[in-house]
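Visitor: Sharing a model that was predicted from the sequence below.
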Amino acid sequence: MKVDLKRKILIVEDEEPIRKLIKINLEREKFIVTEAETGEKALEIAQTGDIDVVILDIMLPGIDGFEVCKKLRNKFSTIGIIMLTAKSQDVDKIMGLEYGTDDYMVKPFNPMELILRIKSLLRRMDSAKEDNKDVIVDDPFKIDKYSRKFYKNNKHIELTPTEYSIMKLFIENPGKAFSRDEILNLIWGYDFIGDTKIVDVNIRRLRSKIETDSKNPYYIETVWGVGYRWRSEKEHAGEHNE
């Protein structure tokens with residue numbers, strides 16, 4: 001799927017040289033770029049509601065990137081968020097994902113890699129909004145592909161673009177065991193540079209949203225030594241009818 005580059009990107013970074021470097025490279029790719037040097041300014045800009053992707057630094061004056069991410073995700077569930085961190089510790093990456101980040105990059109990074117990740121995220125967002133009225137039902141779950149909404153027992157559950165893509169992949173492929181690498185390639189859409197914990201954290205977050213008991217998941221099963229598989233209610237009913 002081709003990505004329309006007339007998209008608005010918000011760069012939230014207090015270090016002006018880094019902010020300008022990112023802006024120059026994004027504008028070369030025809031993105032529309034807005035800048036903010038503080039988290040407070042970023043939230044003010046986001047209120048316009050027309051930002052597609054936020055490039056968000058963790059270390060900011062005033063409220064930090066984690067708090068900005070949390071506030072953005074609470075109000076704009078479908079916005080794309082890529083976290084920037086100067087630290088390489090796993091805890092920073094995982095904390096960012098727990099707050100609802102779609103992806104992360106560790107400084108210093110190649111601006112072209114950031115652009116590839118933005119385009120990949122936009123493709124996921126576009127796929128989630130594809131213009132059709134198909135509804136996928138796997139009781140008690142339902143995915144409305146037209147409105148990009150996910151339901152359990154007819155109750156709407158807010159999902160990030162990445163979470164939505166993972167759920168769509170699972171429900172369209174019940175019973176299939178996916179390795180973490182397969183999920184990375186199918187959802188993120190590029191050869192991911194980093195560890196596979198980004199998959200595990202997204203799965204953990206999904207379980208907390210859809211499972212009755214996230215510590216003893218029923219629907220998203222762990223396949224030891226491989227990855228994850230989706231257990232459909234239809235599959236479970238078939239086992240009992242044999």
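Guide: Sure, I can see it.
Visitor: L10: what secondary structure?
Guide: strand (DSSP: H, G, I helix; E, B strand; the rest coil).
Visitor: what's the burial count for it?
Guide: A total of 23 residues lie near L10 under the criterion other C-beta atoms under 10 Å. C-beta here means a position set from N, CA and C on the backbone, and glycine is covered the same way.
Visitor: now swap in the one 5 residues further on and tell me
Guide: When counting by other C-beta under 10 Å, one arrives at 14 neighbours for E15.
Visitor: how much space is there between it and D103?
Guide: Noted for E15: a distance of 20 Å to D103, by C-beta to C-beta, to the nearest Å.
Visitor: What of A177?
Guide: Following C-beta to C-beta, the distance that separates A177 from D103 is 24 Å.
Visitor: neighbour-wise, which of the two wins?
Guide: D103 (24 against 15).
Visitor: My read is that the more buried one contacts L84, right?
Guide: No: contact between D103 and L84 fails when scored by C-beta atoms under 8 Å: they sit 10.2 Å apart.
Visitor: which residues do the two both contact?
Guide: Counting by C-beta atoms under 8 Å, 6 or more residues apart in numbering, no residue touches both D103 and L84.
Visitor: tell me the mean pLDDT for the longest helix seen in the chain?
Guide: The residue-count maximum for a helix in the chain (DSSP state H) belongs to helix 111-128. For helix 111-128, mean pLDDT is 84.
Visitor: Quick one: residues in contact with that helix.
Guide: 1, 3-4, 7, 9, 21-22, 25-26, 29, 31, 52-53, 55, 78, 80, 82, 102-103, 105, 145, 148, 161-162, 164-165, 168, 187-190, 193.
Visitor: Can you tell me which of the residues you listed end up in strands?
Guide: Of the positions in the contacts of helix 111-128, I9, V53, I55, G80, I82, D103, M105 sit in strands, assigned by DSSP state E.
Visitor: can you put the residues you listed in CSV and add pLDDT and distance to R229?
Guide: Formatted as CSV, the ones in strands among the contacts of helix 111-128 follow (pLDDT from 0 to 100; distance: C-beta to C-beta, whole Å):
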residue, pLDDT, distance to R229
I9, 96, 35
V53, 95, 30
I55, 97, 33
G80, 92, 27
I82, 93, 28
D103, 86, 24
M105, 87, 30
